[in-house]
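>>> pasted the sequence and its predicted model underneath.
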Amino acid sequence: MQTLTQAQTPRTPTQENRGQENDLSLRVRALDPTLDLEAEITRLKREMNAVILAHYYQDADIQDLADHVGDSLALAQAAAATDADVIVFCGVHFMAETAKILSPNKLVLLPDLDAGCSLADRCPADEYGEWLKQYPGHTVINYINSSAAVKALSDIIVTSSNAAAIVAQLPPETPIVFGPDRHLGRWVEKQTGREMVLWPGFCIVHEQFSARKLAGLRAQYPQASLIAHPECEEAVLDQADFIGSTLALLKYVGTHPEQTQFIVATEVGILHQMRQSRPDAEFLCSPPNSGCDCASCPYMRLNTLEKLYLAMRDRRPEITVDESTRVRALKPVQRMLDMSKGLSQVQQKGD
Ligand code: SF4
């Protein structure tokens with residue numbers, strides 16, 4: 001494995017859009033507090049012919065209103081397949097951008113444009129492009145947690161659901177660059193036996209789990225199964241009974257009825273679906289280094305029911321991607337969808 005020094009100063013890919021949203025907090029405060037937001041969102045959805053896509057890391061009230069709840073791969077598949085006129089993406093910026101890349105003629109809305117991602121923010125396209133020049137002839141594989149401009153520099157996009165399976169499909173002699181998550185990259189290396197050049201990015205949520213505190217929790221709950229997302233540090237993954245994408249973790253919980261205690265090392269929002277799937281089981285959060293009980297993504301938390309309602313009522317903020325970038329980004333995203341057919345299923349309400 002080759003690694004680099006720490007990534008450059010974080011920046012946010014949504015900065016250029018923020019001017020149009022400086023009135024968001026004012027609009028939230030101006031809302032009638034007696035408004036039945038759930039009923040209004042349902043009405044608007046019908047009137048706009050909209051589909052609401054929600055990531056597993058969203059708050060429970062948003063997940064409960066969504067048409068599709070899933071991980072990044074499942075939501076990208078849902079965005080590609082929908083015949084709705086409007087996609088309301090309850091997730092973070094790169095996810096909504098991916099929906100726009102796949103559905104350029106649809107209106108794509110994100111409730112709060114500041115909902116970014118530390119992985120995408122720490123991998124700016126200009127610096128990534130310069131870095132790639134050191135590796136001519138390499139196949140560039142990028143995690144979906146990256147901006148449209150970084151996707152446009154890629155050969156194949158992957159998610160944590162399909163990264164190992166896609167890398168394994170490449171001829172063994174193919175040299176590979178993998179970005180922007182170094183922990184996912186290291187895990188894929190272990191899964192596939194392939195050495196890759198890794199961009200040194202990380203998720204601020206998954207990197208904060210404390211291996212030491214986790215070992216203490218495991219000693220306290222020796223019967224509990226530790227399930228972890230591959231964005232976690234190696235010292236956490238080394239302790240895990242099962243490692244997988246958010247969807248794989250959810251499936252693991254549902255298919256292991258003999259287990260009644262789980263320690264979960266990923267973002268806390270997934271516990272809503274896990275509790276619905278296994279009301280008989282106890283779920284413990286893997287302890288973060290901070291003083292908090294659970295790991296919560298500050299970007300995901302920016303989306304609220306109020307902002308979801310406002311996005312639909314006012315048809316903004318709209319996600320846009322310039323056409324030249326979109327066309328270049330579409331190719332590796334489409335390649336991912338083609339190479340991952342049958343690997344993931346979106347969870348639809350009522351399933
Ligand atoms: S949990 Fe991590 S990877 Fe996911 S959106 Fe938040 S910062 Fe990005």
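Looks like it came in fine.
>>> Phe262: which element?
Element membership of Phe262 [criterion: DSSP states H and E] is strand 261-265.
>>> and stretch 231-251, what's its mean pLDDT?
For stretch 231-251, mean pLDDT is 96.
>>> residues of stretch 99-111 that come out buried?
Within stretch 99-111, the residues that count as buried by 16 or more other Cβ atoms under 10 Å are Ala99, Lys100, Ile101, Leu102, Ser103, Lys106, Leu107, Val108, Leu109, Leu110, Pro111. Where you see a C-beta, it was placed from the backbone N, CA and C, and this is true even at glycine.
>>> for the last one, what are its contacts?
Looking back up the chat, that one is Pro111. Residues near Pro111 by Cβ atoms under 8 Å, 6 or more residues apart in numbering: Val88, Cys90, Leu302, Asn303, Thr304, Lys307, Leu308, Leu310, Ala311.
>>> once you drop chain neighbours, what's closest to it?
Lys307 (3.8 Å; Cβ to Cβ, 6 or more residues apart in numbering).
>>> what's the helix or strand encompassing the one you found in contact with?
Element membership for Lys307, per DSSP H and E: helix 305-314. Here helix 305-314 makes contact (Cβ under 8 Å, 6+ apart) with 24, 27-28, 31, 35, 37-38, 40-41, 44-45, 48, 50, 52, 61-62, 65, 86, 88, 90, 109-112, 317.
>>> give me the buried subset of those.
24, 27, 37, 41, 44-45, 48, 50, 52, 62, 65, 86, 88, 90, 109-112, 317.
>>> inside strands: which ones of those?
Ala50, Ile52, Val86, Val88, Cys90, Leu109 (DSSP state E).
>>> who in this structure is up against the ligand?
57, 92, 117-119, 145, 203-206, 267, 297, 299-300 (Cβ under 6 Å from any ligand atom).
>>> that older thread, the strand holding Phe262 pairs with which strands?
strand 225-228 (parallel), strand 282-285 (parallel) (DSSP bridges).
>>> and the last one, what's buried?
Meaning strand 282-285. By neighbour count on 16+ other Cβ under 10 Å, the buried set for strand 282-285 is Phe283, Leu284, Cys285.
>>> now the residue in the stretch 251-351 of the chain positioned nearest to the ligand, what's its secondary structure?
Minimum separation of the stretch 251-351 of the chain from the ligand (Cβ to the nearest ligand atom) falls at Cys297, amounting to 3.4 Å. Judged by DSSP: H, G, I helix; E, B strand; the rest coil, the three-state class of Cys297 is coil.
>>> could I get the strands paired with strand 261-265 as TSV with mean pLDDT and distance to Pro171?
As requested, those are arranged in TSV below (pLDDT from 0 to 100; distance: least, Cβ to Cβ, whole Å):
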stretch	mean pLDDT	distance to Pro171
strand 225-228	98	30
strand 282-285	97	41
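>>> need these in a markdown table with distance to Asp155, can you?
Converted to a markdown table, the strands paired with strand 261-265 look like this (distance: least, Cβ to Cβ, whole Å):
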| stretch | distance to Asp155 |
| --- | --- |
| strand 225-228 | 28 |
| strand 282-285 | 37 |
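>>> closest one to Ala211 among the ones you listed?
strand 225-228 (10.8 Å; Cβ to Cβ).
>>> can you find the helix or strand in this protein with the smallest mean pLDDT?
Ranking every helix and strand in the chain by mean pLDDT, DSSP states H and E puts strand 347-348 at the bottom, with a mean of 35.
>>> returning to that earlier point: farthest pair within the ones in strands among the buried ones among the contacts of helix 305-314?
Most distant of these, by Cβ to Cβ, are Val86 and Cys90, 13.0 Å apart.
>>> how's this structure carved up into domains?
Domain ranges of the chain: 15-118+299-321, 119-204+326-348, 206-285, per automatic domain parsing.
>>> give me the buried positions along stretch 112-130.
Quick answer for stretch 112-130 (16+ other Cβ under 10 Å): 112-125, 127-128.
>>> can you pull out the helices in the stretch 1-150 of the chain?
With DSSP state H, counting those that start in this stretch, the ranges of helices along the stretch 1-150 of the chain come out as 24-29, 37-48, 60-65, 72-81, 93-102, 118-121, 125-132, 148-151.
>>> about what we covered before: may I ask which two of the residues of the chain next to the ligand are separated the most?
Using Cβ to Cβ, the residues of the chain next to the ligand span at most 14.0 Å, a distance reached by Val92 and His206.
>>> if I look at the residue nearest to the spatial centre of the chain, what pLDDT would I see?
In the chain, the residue lying closest to the centroid (Cα atoms, centre = their mean) is Ser72, at 4.9 Å. As predicted, Ser72 sits at a pLDDT of 86.
>>> residues contacting it?
His55, Gly91, Met95, Thr98, Ile144, Asn145, Thr159, Ser160, Ser161.
>>> what about 7 Å?
Met95, Ile144, Thr159 (Cβ atoms under 7 Å, 6 or more residues apart in numbering).
>>> most widely separated two among the contacts of Pro111?
Val88 and Leu302 (14.7 Å).
>>> what values do phi and psi take at Gln239?
Gln239 adopts backbone torsions of phi -90, psi -10, taken as degrees, to the nearest 10.
>>> go ahead and confirm it touches Leu226.
Yes - applying Cβ atoms under 7 Å, one finds Gln239 in contact with Leu226, separated by 5.9 Å.
>>> tell me which of the two has more neighbours.
Taking other Cβ atoms under 10 Å, Gln239 and Leu226 do not tie; Leu226 has more neighbours (22 against 18).
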